[in-house]
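> what follows is a predicted protein model with its sequence.
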Amino acid sequence: MVTAFYSHPICIDHEPGPYHPENSGRLQAIETALAAPAFEALAWTEAPKTDPEVIHLLHDPAYVEMILNAVPEEGYKALDPDTFMSPASGEAALRAVGGICAAVDQVVTGGVVNAFCALRPPGHHAEQAQAMGFCLFNNVAIGARHAQIQHGLGKIAVVDFDVHHGNGTQHMFENDASLFYASSHQFPAYPGTGAANETGIGNIVNVPLGPGTGSAPFRAAYSDHILPALRNFSPDLLMISAGFDAHIRDPLCQLDVMTEDFAWVTEELLNVAEDSCGGRVVSTLEGGYDYEALAECAAVHVTEMMAR
């Protein structure tokens, strides 16, 4: 079976301003890495634009309208101290949502076995009516609800190994027993959520990790907590918020995770997906701000996906 790779040039054109860590070089590094001969079988696909009504599945319509109307004709528009828009940001955000929904469609209908979406702006910090943490719309959460509404799937799981807790995804899921969210992340750190006692209605698993954690405790977070809970939930589709900023070389946090740990956690998540949902997995890029580390980690992540 084939692994799909979703991206779009407009997602490179989304620029949050000079010296911003969430910049176009991130996607360029990933696309360069995945253009290597080892990835020749990867099915490159342009992400389509979504209809704003799809975003209304989880975001307030007035908020969606505000974001799309805030796109500047030139220069930059600040939404908060960290989150900026440029002239390409509106279309990029629509394609980030559209790409993950198209990936869900392709995986669920059996066109591909799994998919990786290298799209930006990222999404897991976006709240129902608030942009934050470089995120405009919560791409992965919208994709999960799309899978339920469009394809009739019952249970969707999102596992998030970004170094920052996905506050937006958790808040959108925490009162819905058909949705599951699990996260390993540095704590305390931005955005300040993700304590172990934040469990929703039993459908949220948070494993906060201290600075300097390293490989063994990171893997234990999955072996001892997240993977058993995910197996018990037994999703019909697994989605991954694939942030690679827990890497030891990333400048924004200090979890000290290695490239091979991302290969390991990807393999373990794929194993659960094979047992619970026929291997159906949609992964989407979140963080990762050291270009070399990001390229390495995306490459091992996709290598594991292509091996299925």
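That came through fine. Just so it is clear, the structure is predicted and the values come from calculations on it, not from any experiment.
> so how far is the first residue of stretch 190-203 from its last?
End-to-end span of stretch 190-203 (Cα to Cα, to the nearest Å): 22 Å.
> stretch 116-132 too?
23 Å.
> mind listing what's buried in that stretch?
Under the neighbour-count criterion of 16 or more other Cβ atoms under 10 Å, stretch 116-132 has 116-127, 130-132 buried. Using the backbone N, CA and C atoms, a C-beta is placed for each residue, glycine as well.
> before we move on, what about stretch 228-240?
Buried residues in stretch 228-240 (16+ other Cβ under 10 Å): A229, L230, F233, P235, D236, L237, L238, M239, I240.
> which residue packs closest to the fourth one, ignoring adjacent ones?
Same thing as P235. For P235, ignoring the flanking residues on the chain, the nearest one in space by Cβ to Cβ, 6 or more residues apart in numbering is A157 at 3.8 Å.
> I'd say the one you found and S183 touch.
No. Counting by Cβ atoms under 8 Å, A157 does not reach S183; the two are 11.7 Å apart.
> so for those two, which sits in the more crowded spot?
S183 (29 against 26; other Cβ atoms under 10 Å).
> what is the more buried one paired to in the beta sheet?
In this entry, S183 is beta-bridged to D160, N206, by DSSP bridges.
> was I right about it contacting V207?
Yes. In this structure, S183 is within contact of V207 by Cβ under 8 Å, at 7.1 Å.
> can you list residues touching both of the two?
Counting by Cβ atoms under 8 Å, 6 or more residues apart in numbering, S183 and V207 have no common neighbour.
> what helix or strand is E292 on?
helix 291-306 (DSSP states H and E).
> avg pLDDT for that helix?
Averaging pLDDT along helix 291-306 gives 98.
> show me what it is packed against.
On a contact count with 3 or more Cβ pairs under 8 Å, 6 or more residues apart in numbering; DSSP states H and E, helix 291-306 meets strand 3-7, helix 25-34, strand 114-117, helix 259-277, strand 281-285.
> residues in contact with the fourth one?
I take that to be helix 259-277. So helix 259-277 is in contact with 114, 159, 161, 215, 218-219, 222-223, 227, 230-231, 234-238, 240, 244, 247, 279-281, 293, 296-297, 300-301, 303-305, 308, going by Cβ under 8 Å, 6+ apart.
> do the same with the first one
Residues outside strand 3-7 that contact it (Cβ under 8 Å, 6+ apart): 27, 31, 34, 39, 41-47, 99-100, 102-103, 106-107, 111-119, 302, 305-306, 308.
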